[in-house]
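S.K.: Below are the sequence and a predicted model; questions follow.
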Amino acid sequence: MTRHLLMAAAAALTLCATGVHAAPPANIAAAVAAPDRPDADKTRDAARKPAEVLEFAGVKAGEKVGELLPGGGYFTRLLSAAVGPQGKVYAGVSASAEEKSKAALEKGNVQVVVMNPPALNFPEPVDLIFTAQNYHDFHLASRNLDVAQVNKHLYDALNPGGVLLIIDHTAAAGAPIEVADTLHRIDPAVVKREVEAAGFKFVGESNAIRNPDDPKTGKVFDPEIRGKTDQFIYKFQKPN
C-alpha cells in the first residue's frame, strides 16, 4: 500500500512538473477549437493561452459577461462561444469606437454598448466582467479618472458572487503609477489594492501568461517585447 501511495505521489509530481493538467471544460474547449475562428486569432493562441484564461475565469454556458474595451474582439469571440446561445456578451466600448465595434463584433449573443467612465454599467447585472490589457488605462493622465469610482461601478455591475477578471502588462514591483502612461504597464500590487478597496475579494492569480524574461522596463509596444510581455491574471469576486 505504501509503495502504491508513493508511486501515485510521484506521478502527481511529474504531472505538475511537466505542466500537464486536465482538459478544460467542454464549453471552453469547443470555443477555442471552433472552426470558424479567424486564422489571425488562432495564431495568437500560443501567447494568449485562451483555454487556460477562460478556465481560470470560470466561464460557464448561459452566463452573462461584460467585457471592457474588447479591441479587435479576440476574447469577445471566445467568450461568445463559451457562454453559448443562452448566454450574453456585452462588449463595452468608447463612443468613438461604437460604429466600428458594432460592425466587427455585434452578432449572435454579442451586444456592443457604449461606456462612459467612471460609469461602466451594462444593460443588466452580469456574472463575469472581463478585461484584458486595459486596467492600466484607467490611470492614464489624459483620462483623469477617479479609479476608485470606476471600481465601485464594476462592483455594482456584477451579480452577487460574480467575478472580475483582470489581465494586464506587469510593471516592476513598486513602480509608480505613472508607468501606465510611459510603459502601459501597472504594478499588480496596485491593482489588488485598488480593487479590494471597492469591496472585492481577491480569489487568486494565474501564471499562464507570465514571462520571467521580460525586464519590465520597456514600453509594451516596443518590437522587441510586444506580444511577449510578462502579464498577470487576477481574479476577484463580489461577495454573495
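M.R.: Cool, got the structure.
S.K.: contacting residues for residue 129?
M.R.: By CB atoms under 8 Å, 6 or more residues apart in numbering, the contact list for residue 129 reads 65-68, 154, 157-158, 162-165. Glycine gets a C-beta too; all of them are placed from N, C-alpha and C.
S.K.: helix/strand/coil for it?
M.R.: Under DSSP: H, G, I helix; E, B strand; the rest coil, the three-state class of residue 129 is strand.
S.K.: Identify the bridge partners of it.
M.R.: Beta bridges link residue 129 to residue 66, residue 164, judged by DSSP bridges.
S.K.: Kindly state the pLDDT recorded for it?
M.R.: Per-residue pLDDT puts residue 129 at 98.
S.K.: do the same with residue 5
M.R.: Residue 5 is given a pLDDT of 34.
S.K.: swap in residue 23?
M.R.: Looking at residue 23, the pLDDT reads 88.
S.K.: That one touches residue 29, doesn't it?
M.R.: Yes: the pair residue 23 / residue 29 is scored as a contact, 6.1 Å apart, by CB atoms under 8 Å.
S.K.: With neighbour numbers in mind, choose between the two.
M.R.: Legend: neighbour count by other CB atoms under 10 Å for residue 23 and residue 29, higher for residue 29 (15 against 9).
S.K.: What separation do you get for that one and residue 51?
M.R.: Separation of residue 29 from residue 51 (CB to CB, to the nearest Å): 7 Å.
S.K.: Okay, residue 33 and residue 110: tell me how far apart.
M.R.: On the measure of CB to CB, residue 33 and residue 110 end up 19 Å apart.
S.K.: Secondary structure class of residue 72, three-state.
M.R.: coil.
S.K.: Just give the nearest non-adjacent residue to it, would you?
M.R.: Using CB to CB, 6 or more residues apart in numbering and skipping the chain neighbours, the partner closest in space to residue 72 is residue 104 (7.3 Å).
S.K.: In a strand, that neighbour, correct?
M.R.: No: going by three-state DSSP, the assignment for residue 104 is helix, not a strand.
S.K.: Tell me how many other residues surround it.
M.R.: Quick note: residue 104 (other CB under 10 Å) scores 17 neighbours.
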